[in-house]
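Peer 1: Sharing a sequence plus its predicted fold:
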Amino acid sequence: EMGISGRHLTISTIGHVPGIKRLSRIGLPVTLAISLHAPTDELRRSLIPGFTRYSVDEIIDAGRDYVSITGRRLTIEYCLLHNVNDRPADAQQLATLLKGLNCHVNLIPFNPVAGLPYLPSPPKKIKGFLTILTTHKIQVTERVRKGVDIEAACGQLRRRHC
């Protein structure tokens, strides 16, 4: 035994529905985080092209089952990309998708990575997105960015080939 409470452990998934369902049944007292990043299948496919087996609705339904079975709150990870998934319409769609779900949305400002075409959302857009979710009674916070200046922030740690 390591003396770590399950409440301090998070299992993260890109949305593997059978895994979410299995986790729901085994009774581990951990937090489940689903990396969603888009409120629609079309947008999600463009952002995560290698993982299109499960629809956004199937993933959220599995998350609803997890909450219902375990009584634990679900975390939704959502990385904001400027003019890609940070528009007011995206926030409205996400709010509709998550309506009535005991969840917490973790808004993650994108950390620039050389070779990727995305830019971070400006603070004003992040605040607007957060405000729309809050207005719809969705619990939401913005993750604090750390390590961007040394390319060690979330999503930036990778092997470089020169």
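Peer 2: Right, received. Where do you want to start? Numbering: from 1, shown residues only.

Peer 1: mind listing the strands for the protein?
Peer 2: Here the chain has its strands, by DSSP state E, at 10-13, 31-35, 74-80, 103-109, 139-142.

Peer 1: winner for burial among those strands?
Peer 2: Of the strands of the chain, the one with the most neighbours on average (mean count of other C-beta atoms under 10 Å) is strand 74-80, at a mean of 23. The C-beta positions use only the backbone N, C-alpha and C, and glycine is treated the same way.

Peer 1: sorry, back to before: dump the strands of the chain into JSON lines; add distance to Phe129 as well.
Peer 2: JSON lines is the format used below for the strands of the chain (distance: least, C-beta to C-beta, whole Å):
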{"stretch": "strand 10-13", "distance to Phe129": "21"}
{"stretch": "strand 31-35", "distance to Phe129": "17"}
{"stretch": "strand 74-80", "distance to Phe129": "7"}
{"stretch": "strand 103-109", "distance to Phe129": "7"}
{"stretch": "strand 139-142", "distance to Phe129": "8"}
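
Peer 1: Could you provide the ones you listed in CSV, with additional columns for distance to Arg45 and mean pLDDT?
Peer 2: Below are the strands of the chain laid out as CSV (distance: least, C-beta to C-beta, whole Å; pLDDT from 0 to 100):
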stretch, distance to Arg45, mean pLDDT
strand 10-13, 17, 94
strand 31-35, 14, 96
strand 74-80, 15, 97
strand 103-109, 20, 96
strand 139-142, 24, 96
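
Peer 1: how about those, which one is nearest Arg53?
Peer 2: Nearest of the strands of the chain to Arg53, taken as C-beta to C-beta: strand 10-13 at 12.3 Å.

Peer 1: Just the CA coordinates for the closest one, please, in PDB.
Peer 2: Taking Å, rounded to 0.1, in the frame of the first residue of the first chain, the C-alpha atoms of strand 10-13 are listed here in PDB:
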ATOM      1  CA  THR A  10      -7.500  10.300 -11.900                       C
ATOM      2  CA  ILE A  11      -7.900   7.900 -14.800                       C
ATOM      3  CA  SER A  12      -8.000   9.700 -18.100                       C
ATOM      4  CA  THR A  13      -9.400   8.400 -21.400                       C
END
